[in-house]
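> I would like to see how this sequence folds:
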Amino acid sequence: MKLQKLGFNDSLQEAFQIYKEQGLVPGRISLEHKRIYRVLTEHGELLGEVTGKMRHEAEGRGDFPAVGDWVAVQARPEEQKATIHAILPRFSKFSRKAAGLITEEQIVATNVNTVFLVNALNHDFNIRRLERYLLMAYESGANPVVILSKADLCNDVDEKIRLTESVAFGVPIHAVSVETGAGLDELQPYLGEGQTVALLGSSGVGKSTLANYLYGSEVLKTNAVREEDSRGRHTTTHRELLVMESGGVLIDTPGMRELQLWEADEGVGQSFQDIESIAEQCRFNDCTHNNEPGCAVKEGLEDGTLDASRYQSYVKLQRELAFLARKEDQRLANAERAKWKKIAGDRTRVHRK
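Residues are numbered from 1 along each chain as shown. The predicted structure is shown next:
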């Protein structure tokens, strides 16, 4: 298998040198299921597991391989198996908070050049949800591209594009339809050799259908959506990396109706640059935009230059991030205490021996 086709470049080659000297080979994670991994290598597709050392030293999910990761493996091609020893540095990482009450990172995809943020142009079109996806795309380090799917089901495509432009400043926007073929040729340049594109969006927006079209065959299962609300079931249940004939790589992901943020320090400034540029005009640097005199944000809301629903979305996301930061600080503190407690216990057992 030609690794350059999968995106193995000079930077990754340099990072891999230390592992090459140990007799390991590079591979890319194409599928993960309960800590069992499908790894694409120069020996073909292998089934991989992490080493005991790697498992022991991992402090959370983020320390385990994810779909899109480049890893250093000890290959056993005669068994079609591999042992994963290390993860190479990630140049981009799309994360969200894992489902449930535990504050933990879930990595959706890594080493992605372009993120296709898919939003359907039917009853499920949601500009507030798109804001969240844009926020995480900016934070990931990948380049966001908005795909407005199912254009054949929409009677006001131009209006939906205008609404999208109001929150996706300078981001490429493509209205497409797999049914009619409209706009699909515009997506091919993103999928050149060595380029990785991840498809992200809610259930029923047509990610798997789009992936099948771009791939050129029915490699992913698709389901119909409910007519009354245009919502679909989770067709894709896991993340999967597909190698295109063109040389590009496509990562399909499960639908995420509720995208819980993980971190977005830099992403907020890029996603809400309109609000933050207005806030810079406030009389006081620490303006809370409540009752302070000379508040440019309040003036913008009053005269209509700042959309109230967009500002409320901004405030909600800021509160969510602040809450998550407090929870994460507590989690890290607990993890640090547990780590030193374990080290102390290990030393005690060694001393007794």
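> where is the longest strand in this protein?
strand 25-33 (DSSP state E).
> quick one: list the elements packing against whichever helix or strand comes after that strand.
Going down the chain from strand 25-33, the next helix or strand is strand 36-41, by DSSP states H and E. In terms of contacts (3 or more Cβ pairs under 8 Å, 6 or more residues apart in numbering; DSSP states H and E), strand 36-41 is packed against strand 25-33, strand 44-50, strand 70-76, strand 81-87. For the C-beta atoms, the positions are set from N, CA and C on the backbone; glycine is no exception.
> which residues does strand 36-41 contact?
For strand 36-41, contacts defined as Cβ atoms under 8 Å, 6 or more residues apart in numbering pick out 1, 3, 6, 25-32, 45-50, 65, 71, 73, 75, 82, 84, 241, 243.
> buried ones from those residues, can you make that a ChimeraX selection?
Here is the ChimeraX selection string for the buried members of the contacts of strand 36-41, based on 16 or more other Cβ atoms under 10 Å:
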select :3,6,25,26,27,28,29,30,31,32,46,48,49,50,65,71,73,75,82,84,241,243
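> if we can go back for a sec, angle of the longest strand of the chain against strand 36-41?
Orientation of strand 25-33 against strand 36-41 (axes from the mean of the first three to the mean of the last three Cα atoms, to 10 degrees) gives an angle of 150 degrees.
> against which helices or strands is strand 25-33 packed?
Using 3+ Cβ pairs under 8 Å, 6+ apart, strand 25-33 sits against helix 10-20, strand 36-41, strand 44-50, strand 70-76, strand 240-243.
> one more time with 7 Å, if that's ok
Secondary-structure packing of strand 25-33 (3 or more Cβ pairs under 7 Å, 6 or more residues apart in numbering; DSSP states H and E): strand 36-41, strand 70-76, strand 240-243.
> distance to T196 and mean pLDDT added to those, as CSV?
Shown next, in CSV, are the helices and strands packed on strand 25-33 (distance: least, Cβ to Cβ, whole Å; pLDDT from 0 to 100):
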stretch, distance to T196, mean pLDDT
strand 36-41, 12, 96
strand 70-76, 11, 98
strand 240-243, 8, 90
